[in-house]
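K.L.:
Would you be able to build a 3D model of this:
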Amino acid sequence: MSEIKKLAGQTAIYGIPTIVGRILNYFLVPIYTYNLVTSDYGVVNTLYAYASFMMILLTYGMETAYFRYCQEKGRQGGSSLNPNIVYNTALLSLMTTTFAFLAITFAMLGRITGLMNAGFSNNAFEAKYIAMFLVILALDALRAIPYARLRMEQKAKRFALIKSADIFTNIALNLFFILIIKPLDLISAIFASNLIASAVSFILLTPQFAQFRFRFSFSLWRKMFLYGLPVMIGGLAGMINETFDRIALQHLLKVPLGVKDGTKYILDNIGIYGACYKISIIMTLFIQAFKFAAEPFFFSKMKSEDAKQTYSRVMSVYTIFLCFIFLSVMAYMDLFQYFVGAEYRVGLTIVPILLVANLFLGVYYNLAVWYKVSDKTIYGAYISIFGALITLILNYVLVPHYGYMGSAWTTLACYFAIMVACYLLGRRHYHISYPIKRLTLYFCAAIGLYFLMRVLPIENTILRLAANTTLLLAFAAAAYKLDISKLIKQ
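P.N.:
Have a look, this model is predicted:
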């Protein structure tokens, strides 16, 4: 089996629960947007944005460090450096910091709640919402290394099973609470569903936790921490790029004259932006599945003579597929729009912008292999900080004048910039010969076909979808004949 086929198979196994679960989550989007007012959905999106930052702080790059040092040979701290020593050291580190985090944040819950509601005319962010999020974050942080061990040992089926249980429990509970119980506080129902699902997957990881032993190598931990620290810094900067837009809307959006309830207006816009952002997430689904499989795959290949050629082939297949996903969503936007309630559809103009942005982000993740396998993760931090500065500056400039459209264009500019920066730095420090011109042609072809779909003078929806399908299949057939069929055989 070729390396490309092997990676594709692993991506499929890792990605099936994520992709299927997220597809089902698409059905939660209309459930939310047809039952929650836009301001309540704004509260949900804002808290998830803050939680994304906290998750990176709580894991501080230890997952990536675990992958790296499981490949290390030789002796460490007087004993053979093997995966069990790395596992015990990483997990004990996360256990210690996570329990300390819970103790401190619950002691300061009142103050945290007050800070979240600062500047708002009502207490939109209740203490019980924040308390549930703190427990969810702790459970997710503790699961990180056991999940990583499953990936490192290539136990993709068990990984997929537990991920599926997490996703399907969350979905089932959301449906149960919102459609059957119908509580007055739907926000609590959403967060409680997430909390229970995280607890279920935590329990299913018991065999991995049972493998833990209180054996800690401080010298190894120091190396892992120093390796992971740039990953954490880069992750925080990267999360600014991914989720700061919702926080920016909370603090930078100007309330027009004549609007009586400024708090509701801001949360309405966050809710609309967050709902329409969900449509563009289909691109992110594949990227996430790819990352689950690719990270251990890239590390396992890093000492092979043909490593760089393999990385180049993976990039080609991967980028073409991202272009296909972009074109697929835009071809069927007449259908995708119904995944959000009518009052949310005013924000659909951001979808193509965010899809292209996520395409650039996906390419960046693939390019990032150079600084991970060459132990130059500090460059990942530099690149992400560079992107974060772009995000902060452009959001500050654009959001007050253009609202969530400013956030969408900022996301596109940021991801394009970090993609280019990563490629240029990679050429200097770990040169990989990517077919840039050919891949650029595929991207331009996808954009060109999208604009053709928009300008076709077809009023009938069925005929328009049929025409779009024809263009989409033509792109897929050409890509397969010209490149894909050859690449997967290598």
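K.L.:
Identify the residues contacting stretch 459-472?
P.N.:
324, 327-328, 330-332, 334-335, 449, 452-453, 456, 458 (Cβ atoms under 8 Å, 6 or more residues apart in numbering). Any C-beta I mention is one placed from the backbone N, CA and C, and that applies to glycine too.
K.L.:
how much space between T263 and D375?
P.N.:
Going from T263 to D375 by Cβ to Cβ, to the nearest Å gives 48 Å.
K.L.:
contacting residues around F106?
P.N.:
Here F106 is in contact with A131, L134 (Cβ under 8 Å, 6+ apart).
K.L.:
now it: how far from C323?
P.N.:
Between F106 and C323 the distance is 47 Å, computed by Cβ to Cβ.
K.L.:
Over to I247?
P.N.:
Note on I247: its distance to C323, by Cβ to Cβ, is 30 Å.
K.L.:
More neighbours: the two, which one.
P.N.:
C323 (22 against 17; other Cβ atoms under 10 Å).
K.L.:
helices and strands of the protein: which one has the lowest mean pLDDT?
P.N.:
strand 75-76 (a mean of 42; mean pLDDT, DSSP states H and E).
K.L.:
Next one, pLDDT for P256 please.
P.N.:
For P256, the pLDDT comes out at 81.
K.L.:
On the three-state scheme, the closest residue to C323 other than its chain neighbours is what?
P.N.:
Of all residues not flanking C323 in the chain, A446 sits nearest, at 4.0 Å (Cβ to Cβ, 6 or more residues apart in numbering). A446 falls in the helix class when you classify it by DSSP: H, G, I helix; E, B strand; the rest coil.
K.L.:
From A49, how far off is A446?
P.N.:
Counting by Cβ to Cβ, the gap from A446 to A49 is 29 Å.
K.L.:
Those two: who's more crowded?
P.N.:
A446 (24 against 21).
K.L.:
and that one, what does it touch?
P.N.:
By Cβ under 8 Å, 6+ apart, the contact set of A446 is C323, F324, F326, L327, F475.
K.L.:
okay, now K260: neighbour count?
P.N.:
Using other Cβ under 10 Å, the number of residues around K260 comes to 7.
K.L.:
and it, that's in a strand?
P.N.:
No. Read with three-state DSSP, K260 is coil and lies in no strand.
K.L.:
got the phi/psi numbers for it?
P.N.:
phi -70, psi -40 (degrees, to the nearest 10).
K.L.:
any idea how far N117 is from it?
P.N.:
19 Å.
K.L.:
Then I272?
P.N.:
Applying Cβ to Cβ to I272 and N117 gives a distance of 21 Å.
K.L.:
residue ranges of the helices in the stretch 201-350 of the chain, please?
P.N.:
Assigned by DSSP state H, counting those that start in this stretch, the stretch 201-350 of the chain shows helices spanning 206-210, 218-252, 262-301, 307-331, 333-336.
K.L.:
what helices or strands is the last one leaning on?
P.N.:
If you count contacts as 3 or more Cβ pairs under 8 Å, 6 or more residues apart in numbering; DSSP states H and E, helix 333-336 packs onto helix 461-479.
K.L.:
buried stuff in the helix it packs on?
P.N.:
Buried positions in helix 461-479, judged by neighbour count with 16 or more other Cβ atoms under 10 Å: R464, L465, A467, N468, L471, L472, F475, A476, A479.
K.L.:
pLDDT score for the first one?
P.N.:
The reference is to R464. With respect to pLDDT, R464 has a value of 92.
K.L.:
The fifth one too?
P.N.:
For L471, the model assigns a pLDDT of 93.
K.L.:
Next: V317.
P.N.:
At V317, pLDDT is 83.
K.L.:
burial measure for it, as a count.
P.N.:
Per other Cβ under 10 Å, the neighbour tally for V317 reads 17.
K.L.:
Quick check: it touching I484?
P.N.:
Yes. If you go by Cβ atoms under 8 Å, V317 and I484 touch, sitting 6.3 Å apart.
K.L.:
pLDDT below threshold where in the stretch 201-350 of the chain?
P.N.:
Scanning the stretch 201-350 of the chain for pLDDT under 70 picks out the ranges 292-297, 300-303, 305.
K.L.:
same question, the stretch 351-490 of the chain
P.N.:
Flagging of the stretch 351-490 of the chain using pLDDT under 70 yields the residue ranges 487-490.
K.L.:
Okay, strands next: where are they in it?
P.N.:
Assigned strands in the stretch 351-490 of the chain: none (criterion: DSSP state E, counting those that start in this stretch).
K.L.:
Give me the contacts around stretch 82-94.
P.N.:
The contact list for stretch 82-94, computed with Cβ under 8 Å, 6+ apart, reads 58-59, 62-63, 65-66, 69-70, 72, 76, 79, 141-142, 144-146, 148-149, 152, 209, 211-217, 220-221, 224-225.
K.L.:
Enumerate every residue touching the closest residue to L267 other than its chain neighbours.
P.N.:
Nearest residue to L267, sequence neighbours excluded (Cβ to Cβ, 6+ apart): G42, at 3.3 Å. Contacts for G42 (Cβ under 8 Å, 6+ apart) come out as I266, L267, D268, N269, I270, G271, G274.
K.L.:
State the pair within the residues you listed that is farthest apart.
P.N.:
I266 and G274 (12.5 Å; Cβ to Cβ).
K.L.:
so who does M132 touch?
P.N.:
S188, F191, A192, N194, L195.
K.L.:
Swap in 6 Å and give it another go.
P.N.:
By Cβ atoms under 6 Å, 6 or more residues apart in numbering, the contact set of M132 is F191, L195.
K.L.:
Now do the same for it: its pLDDT.
P.N.:
We have a pLDDT of 94 for M132.
K.L.:
related to what we said a few turns ago, higher neighbour count, I272 and N117?
P.N.:
I272 (27 against 16).
K.L.:
how near is that one to P183?
P.N.:
For I272 relative to P183 (Cβ to Cβ), the value is 24 Å.
K.L.:
still on that earlier bit, tabulate the helices of the stretch 201-350 of the chain in CSV, adding columns for distance to F133.
P.N.:
Below are the helices of the stretch 201-350 of the chain laid out as CSV (distance: least, Cβ to Cβ, whole Å):
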stretch, distance to F133
helix 206-210, 23
helix 218-252, 14
helix 262-301, 16
helix 307-331, 30
helix 333-336, 29
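K.L.:
ok, A156 to V86 distance?
P.N.:
20 Å.
K.L.:
Same question for I432.
P.N.:
Separation of I432 from V86 (Cβ to Cβ): 27 Å.
K.L.:
Same drill for the two, tell me which one is more crowded.
P.N.:
Neighbour totals were compared for I432 and V86, and V86 leads with 27 against 17 (other Cβ under 10 Å).
K.L.:
Name the nearest residue to that one, ignoring sequence neighbours.
P.N.:
Of all residues not flanking V86 in the chain, Y69 sits nearest, at 4.8 Å (Cβ to Cβ, 6+ apart).
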